[in-house]
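[1] here you go, sequence then predicted model.
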Amino acid sequence: MQRRHSRPISSRSSLCNTLAQASACGGITAAVLRSYLPALVFLILGGAVGGAFTLLNGVLGPRRAIKHKQDPYECGLPSEVKQGLRFGISFYLIAMLFILFDIEVIFLYPIAVQLRAFGSYALSETAVFIVLLVVAFVYVWRRGALEWR
């Protein structure tokens, strides 16, 4: 068995002595930096290609603004929705409540996967979490937030 040193390492030179390879000490940092090189090249090339396409679109793209080209167009047919049409607040409220409850249910997934590893404490905490979700759902339902007006 090797004996570990109990004193703290205070500088780079003592780290090299601890590793017993003074010449390899500079290689550790270089090797770590070399491992990030492909990711760095990927980010630089991706940014360069994106920037080049943006510049080319600005230089070579059409500059004529025709009223007919500015009309809304969906699914191969001209849109029949008037520009002044606004969605009611009920739509946004129901959408936000759906997202809220949907995201809260996602928190149950890790516990469901590893319930045996977490034990009975996690099971009781999950039961409390589900009860709180049901209470919040009943509250929202009673307040009429889920009714379409």
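    Good, I have the coordinates. Numbering: from 1, shown residues only.
[2] going forward, measure contacts and count neighbours with C-alpha atoms only.
    Fine.
[3] what's the longest helix anywhere in the chain packed up against?
    Determined from DSSP state H, the single longest helix within the chain is helix 25-60. Contacts defined by 3 or more CA pairs under 8 Å, 6 or more residues apart in numbering; DSSP states H and E place helix 25-60 against helix 12-19.
[4] what's the mean pLDDT across the helix it packs on?
    The pLDDT scores in helix 12-19 average 49.
[5] what distance do you get for the residue most central in space within the chain to R34?
    By CA atoms, centre = their mean, the chain has its centre lying nearest to I103, at 12.9 Å. To R34, I103 is 39 Å away according to CA to CA, to the nearest Å.
[6] do V113 as well
    37 Å.
[7] what does G61 give?
    40 Å.
[8] and if you look at L123?
    45 Å.
[9] one more: F101?
    Applying CA to CA to F101 and R34 gives a distance of 44 Å.
[10] please apply the same query to T126.
    44 Å.
[11] okay, these two: which has more neighbours?
    Between T126 and R34, counted using other CA atoms under 10 Å, T126 has the larger neighbour count: 17 against 12.
[12] give me the element that one is part of.
    helix 120-142 (DSSP states H and E).
[13] other residues contacting that helix?
    Identification of contacts with helix 120-142 by CA atoms under 8 Å, 6 or more residues apart in numbering yields 101, 108, 111, 115, 146.
[14] buried ones in that helix?
    122, 126, 129, 137 (16 or more other CA atoms under 10 Å).
[15] give the rounded mean pLDDT of it.
    Rounded mean pLDDT across helix 120-142 is 90.
[16] and that helix, C-alpha only, in PDB?
    The C-alpha coordinates for helix 120-142 follow below in PDB (Å, rounded to 0.1, in the frame of the first residue of the first chain):
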ATOM      1  CA  SER A 120     -39.800   4.900   2.100                       C
ATOM      2  CA  TYR A 121     -38.900   8.500   2.800                       C
ATOM      3  CA  ALA A 122     -39.000   9.300  -0.900                       C
ATOM      4  CA  LEU A 123     -42.300   7.500  -1.100                       C
ATOM      5  CA  SER A 124     -43.800   9.600   1.600                       C
ATOM      6  CA  GLU A 125     -42.400  12.800   0.200                       C
ATOM      7  CA  THR A 126     -43.900  11.800  -3.200                       C
ATOM      8  CA  ALA A 127     -47.300  11.200  -1.600                       C
ATOM      9  CA  VAL A 128     -47.200  14.600   0.000                       C
ATOM     10  CA  PHE A 129     -46.200  16.200  -3.400                       C
ATOM     11  CA  ILE A 130     -49.100  14.500  -5.200                       C
ATOM     12  CA  VAL A 131     -51.500  15.600  -2.400                       C
ATOM     13  CA  LEU A 132     -50.300  19.200  -2.800                       C
ATOM     14  CA  LEU A 133     -50.800  18.900  -6.600                       C
ATOM     15  CA  VAL A 134     -54.300  17.600  -6.200                       C
ATOM     16  CA  VAL A 135     -55.100  20.400  -3.700                       C
ATOM     17  CA  ALA A 136     -53.800  23.000  -6.100                       C
ATOM     18  CA  PHE A 137     -55.800  21.400  -8.900                       C
ATOM     19  CA  VAL A 138     -59.000  21.400  -6.900                       C
ATOM     20  CA  TYR A 139     -58.400  25.000  -5.900                       C
ATOM     21  CA  VAL A 140     -58.000  26.100  -9.500                       C
ATOM     22  CA  TRP A 141     -61.000  24.100 -10.500                       C
ATOM     23  CA  ARG A 142     -63.200  25.600  -7.800                       C
END
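[17] all set, thanks.
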